[in-house]
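Asker: can't give you the sequence, but here's the structure:
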């Protein structure tokens, strides 16, 4: 997928699946695709959070990354808001497009 619109449509269309299969409570797009600055080599930056009491977070996060990379046809970087670096957090959050 090569446009912001395509990625956001995918996330919206699969939100229920992401919630049930990967325990995702919220998900959005940030980075170059959110700013319409992507190139052919850009990865897709996804911000998300888990539902409370999600078991095996690290395994599920890795499975989510593999799933999204395959579905979107691009490398995916996943970030959780609470783990964003303080110096980058405000800039990232002002560009997030949640679905």
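Answerer: Arrived safely. All figures in this text were calculated on a predicted structure; none of them were measured in a lab.

Asker: and whatever helix or strand residue 11 lives in, what's buried?
Answerer: Residue 11 belongs to helix 4-13 when assigned by DSSP states H and E. Of all the residues in helix 4-13, those buried under the rule 16 or more other C-beta atoms under 10 Å are 4, 7, 8, 10, 11. C-beta here means a position set from N, CA and C on the backbone, and glycine is covered the same way.

Asker: now the first one: closest residue in space, sequence neighbours ignored.
Answerer: The one in question is residue 4. Closest residue in space to residue 4, ignoring its immediate chain neighbours: residue 33 at 5.0 Å, by C-beta to C-beta, 6 or more residues apart in numbering.

Asker: in the protein, which residue is most central in space?
Answerer: residue 46 (2.0 Å; C-alpha atoms, centre = their mean).

Asker: ok, back up a step: quick one: the helix holding residue 11 to chain centroid distance?
Answerer: 11 Å (C-alpha atoms, centre = their mean, to the nearest Å).
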